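Colleague: Fold the stuff below for me.
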Amino acid sequence: MAIYHLSVKAISRSAGRSVVAAAAYRAGQELTDERQGLTHDYTRKQGVEDAFIVAPDGADWAQDRNALWNAAEAAEKRKDAKTGREYELALPAELDAGARKELARDFAAELVARYGVVADVAIHAPGREGDNRNHHAHILTTTRTAGAEGLGAKTRVLDVASTASAEIEHMRGVWARQVNMALERHLVEQRVDHRSFERQGKEQEPTRHMGVSATALERQAAREIPGRDPVTDLGKQNAEIRERNRVLETARKAMEKAQELFSGLEKRARLAVGLARKLGERMEQQREAERQRQERVRQAEIRREMQRQAEQRAADEARKAAELARQKQAAKEAERPTVRRSRDRGPSIGF
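Modeller: Presented below is the predicted three-dimensional model:
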């Protein structure tokens with residue numbers, strides 16, 4: 001998975017350090033510190049994949065690494081002066097070399113744009129004895145702004161405690177966004193977060209920084225006896241922290257699995273309830289349709305019966321009317337007088 005790392009530290013004379021030597025080592029080149037009269041030759045250093053300089057517009061002179069860092073040394077007079085600032089970045093192993101270089105250049109350009117400094121970028125491959133995913137970059141920046149005429153004013157915003165922490169936190173956020181954008185462009189699902197586990201709301205415990213000495217001792221012990229337990233106190237503490245985190249992660253995944261299972265069961269239950277409701281509604285619709293059909297049949301039967309009864313009444317009344325008429329006719333005929341006619345025999349003559 002993609003790993004987030006960004007650390008910032010100063011190159012200071014008070015620690016006996018030379019920014020010329022630091023630049024030579026990180027770039028894998030030979031540079032001469034004119035102030036001390038020392039030549040630092042790291043041309044045989046392995047693992048330097050690329051080195052380039054990003055400078056403000058007009059500061060073309062800064063592309064000369066030897067001239068750049070000797071100018072940085074010459075610009076400072078104090079014996080405890082900060083002559084450079086280093087940003088150490090973890091580059092995503094999920095990206096190819098070209099994408100990692102582009103990502104490091106983008107962050108260097110952001111530093112240049114925000115603070116007006118020169119950024120010297122060195123991209124390193126993973127060490128032969130370390131984690132083979134440990135692609136990283138060292139970005140050395142000047143502690144002064146740069147222009148066409150050389151170095152200018154100090155970047156005090158990164159030196160004063162009241163503003164330095166906020167600036168560094170801002171740049172940590174910038175780096176996280178740039179990494180996530182690069183991962184998204186290259187269709188990588190993983191994402192990084194610059195916030196602490198506590199700020200992210202995670203129970204995971206952070207490991208302690210090993211440092212150069214402890215890391216070297218652990219690597220030497222691993223070479224002697226592969227797979228052996230850590231030999232340094234920090235190594236042992238980190239091993240215990242990783243084990244606790246492993247247990248927490250296992251518990252978290254188990255909880256997520258249970259929640260997923262419960263969610264799946266709950267979803268199935270909702271679907272079952274919804275299906276039962278739909279079936280119930282459909283059955284109710286069918287019952288209602290059947291009731292309406294039966295009601296139509298009943299109404300039709302009622303209408304037919306009423307029609308039959310009406311026809312029967314009409315027929316009965318017709319018969320009654322006919323019988324009444326017949327009776328009236330008979331009565332009339334019975335009341336009419338009967339006239340008997342005698343046969344005409346002519347006048348009667350007596351003898």
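Colleague: Now the element after the lowest-mean-pLDDT helix or strand in the chain, going C-ward?
Modeller: Lowest by mean pLDDT, DSSP states H and E among the helices and strands of the chain is helix 197-200, with a mean of 61. With elements assigned by DSSP states H and E, the helix or strand that comes after helix 197-200 is helix 211-224.
Colleague: I'd like to know which elements that following helix is packed against.
Modeller: With contacts taken as 3 or more CB pairs under 8 Å, 6 or more residues apart in numbering; DSSP states H and E, helix 211-224 sits against helix 233-335. For glycine as for every other residue, the C-beta is placed from the backbone atoms N, C-alpha and C.
Colleague: what's the angle between the helix it packs on and helix 211-224?
Modeller: 90 degrees (axes from the mean of the first three to the mean of the last three CA atoms, to 10 degrees).
Colleague: Poorly predicted segments of the stretch 1-150 of the chain, please.
Modeller: Low-confidence segments of the stretch 1-150 of the chain (pLDDT under 70): 1, 129-130.
Colleague: Hmm, residue 48 is touching residue 122, no?
Modeller: Yes - counting by CB atoms under 8 Å, residue 48 touches residue 122, with 6.1 Å between them.
Colleague: more neighbours, these two?
Modeller: Remark: of residue 48 and residue 122, residue 122 carries more neighbours, 23 against 18, as counted by other CB atoms under 10 Å.
Colleague: Assign residue 126 to helix, strand or coil.
Modeller: coil (DSSP: H, G, I helix; E, B strand; the rest coil).
Colleague: Let me see the backbone angles for the residue nearest to it when sequence neighbours are not counted.
Modeller: Leaving aside its sequence neighbours, residue 126 sits nearest to residue 134 (CB to CB, 6 or more residues apart in numbering; 4.1 Å). Backbone geometry at residue 134, expressed as degrees, to the nearest 10, gives phi -80, psi 60.
Colleague: Contacts only, for residue 134.
Modeller: 90, 93, 126, 127 (CB atoms under 8 Å, 6 or more residues apart in numbering).
Colleague: what's the burial count for the last one?
Modeller: Residues within reach of residue 127, counting by other CB under 10 Å, total 14.
Colleague: check contacts around it.
Modeller: 47, 134.
Colleague: Also the third one?
Modeller: Under the criterion of CB under 8 Å, 6+ apart, the neighbours of residue 126 are 47, 132, 133, 134, 135.
Colleague: Setting aside sequence neighbours, what's the nearest residue to the first one?
Modeller: If you skip the residues right next to it in sequence, residue 47 has residue 125 as its closest partner in space, 4.6 Å away by CB to CB, 6+ apart.
Colleague: That'll do, ta.
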